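Asker: need a structure here:
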Amino acid sequence: MKSIRVLFLCSVLMVVFSGLLQAQVTYSEALLQKAKSGDADAQCILGFCYFEGKGVVQDKKEAVRWIRLATEQGDASAQYVLGTCYESGEGVIQNKKEAVKWYRLAAEQGYADAQYNLGQMYDTGEGVVQDKKEAVKWYRLGADQGYAPAQSNLGHMYENGEGVIQDYKEAVKWYRLAAKQGEAVAQSNLGTMYYNGEGVIQNDKEAVRWFRLAANQGIANAQHNLGYMYSRGEGVLQNDKEAVRWFRLAANQGYASAQYNLGLMYGKGEGVIQDYREAYFWFLIAATNGEDNAKQSREIVVKKLSTQQKEQIQARAKKWFNEHN
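Answerer: Down below sits the predicted model:
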């Protein structure tokens, strides 16, 4: 599982301009005049004001205009933000090739966020020919600067042998660096490495520790894995109610394996009151999401329901998908 780059421009701006948010920067005539005089910092700040509607009517096209002026002076943060604009299509027509162009300019100046994003463009083949080795190159540059998402993705590349020779110990090294910074995906992946004993001595308690940290940040895979550990009593005292709680959190995020396991808990009455209707509901959801085991379980449990109950649950499942898609 890889970390996913931020595509929502408001989130990008909160990172790039976090100091401005704290200082409650807003539009002013003095700021406008400074930006017009060619001050790159003022142009970036003015672009931020237009993006966020700080003291001025929100206008993303005008924001992009000012950010672009700052890029013409070689401002790396502006180049990075303009890249995100082109990738997400905010204030400009979406253009992945242009996004790559601006990410590269910022990345070549050592801007870690851009190095990470450029790595992901190469990783997925968006706006550029897919090249895992190039992806590794840019992830590593960002990772060497301590940028946690880049460290996490570099770990993933080592774990799976993408663009590098597979090396579990190296994967663990990068996952741990990112995980210690609170990178949730890295925490989940590090938990998996401990559970499988890959690159580290197998340790269920350590697996649970890292799964829990990631699960508390909302990572569905980690929530499911933590539920599994509770259901089996691995690395933690066996507790079916806790298993159900974590399976449910992951299931409501659309994680098919958790939906299936939650159905099993209802079917067996483990951690919850036995309820074949709830079991059928979650088997139906999981099967629709591609969980093969759920298909067989669905056909078994449906025999315990009346036609009316089956139709009611199918209607409820349809509503669930409408609400979660």
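
Asker: list the contacts of the closest residue in space to S257 that isn't next to it in sequence.
Answerer: In space, and not counting its chain neighbours, S257 is closest to H224: 5.6 Å by CB to CB, 6 or more residues apart in numbering. C-beta coordinates here come from the backbone N, C-alpha and C atoms, glycine included. Contacts for H224 were tallied using CB atoms under 8 Å, 6 or more residues apart in numbering; they are 246-247, 250, 255, 257-258, 261.

Asker: next one: G290
Answerer: A256.

Asker: and it, how far from W102?
Answerer: In this view, G290 and W102 are 37 Å apart by CB to CB, to the nearest Å.

Asker: so how far is the strand or helix carrying the residue nearest to S257 off the chain centroid?
Answerer: Applying DSSP states H and E as the criterion places H224 in helix 220-232. Relative to its chain's centre, helix 220-232 lies at 18 Å (CA atoms, centre = their mean, to the nearest Å).

Asker: repeat that for stretch 124-140.
Answerer: Per CA atoms, centre = their mean, the centroid offset for stretch 124-140 relative to its chain is 18 Å.

Asker: stretch 186-199 now?
Answerer: 18 Å.

Asker: ok, now stretch 302-312?
Answerer: Worked out by CA atoms, centre = their mean, stretch 302-312 lies 38 Å from the chain centre.

Asker: who touches that stretch?
Answerer: With CB under 8 Å, 6+ apart as the criterion, stretch 302-312 contacts 276-277, 280, 313.

Asker: quick one: which of these is most hemmed in?
Answerer: When neighbours are taken as other CB atoms under 10 Å, the top entry among the contacts of stretch 302-312 is Y280 (27 neighbours).

Asker: what strand or helix carries A106?
Answerer: Judged by DSSP H and E, A106 forms part of helix 96-107.

Asker: that helix - contacts with which helices or strands?
Answerer: Judged by 3 or more CB pairs under 8 Å, 6 or more residues apart in numbering; DSSP states H and E, the packing partners of helix 96-107 are helix 76-88, helix 112-124.

Asker: angle of the first one against helix 96-107?
Answerer: To tie it back to what came earlier, the one meant is helix 76-88. 160 degrees (axes from the mean of the first three to the mean of the last three CA atoms, to 10 degrees).

Asker: so helix 76-88 versus helix 112-124, what angle?
Answerer: 30 degrees.

Asker: how far does helix 76-88 sit from the chain's center?
Answerer: 19 Å.

Asker: what's the answer for stretch 251-265, then?
Answerer: 19 Å.

Asker: neighbouring contacts of that stretch?
Answerer: 218, 220-221, 223-224, 227-228, 231, 240, 243-244, 246-250, 270-272, 278-283, 285-286, 289-291, 293-294, 297, 301, 324.

Asker: which residue packs closest to T124, ignoring adjacent ones?
Answerer: In space, T124 is closest to Q130, 6.9 Å off (CB to CB, 6+ apart).

Asker: isn't that neighbour right next to M121, touching?
Answerer: No: counting by CB atoms under 8 Å, Q130 stays clear of M121, with 9.2 Å between them.

Asker: more crowded one of these two?
Answerer: M121 (26 against 12).

Asker: who touches the closest residue to G263 other than its chain neighbours in this structure?
Answerer: Excluding the flanking residues, the one nearest G263 by CB to CB, 6+ apart is W282, at 3.5 Å. For W282, the contacting residues are 251, 259-260, 262-263, 266, 294, by CB under 8 Å, 6+ apart.

Asker: show me the two of these that sit farthest apart.
Answerer: Y266 and A294 (12.4 Å; CB to CB).

Asker: what segments of the stretch 101-250 of the chain are helices?
Answerer: 112-124, 132-144, 148-160, 168-179, 184-196, 204-215, 220-232, 240-251 (DSSP state H, counting those that start in this stretch).

Asker: select, out of these, the one closest to G55.
Answerer: Of the helices of the stretch 101-250 of the chain, nearest to G55 by CB to CB is helix 112-124, at 26.1 Å.

Asker: lovely, talk soon.
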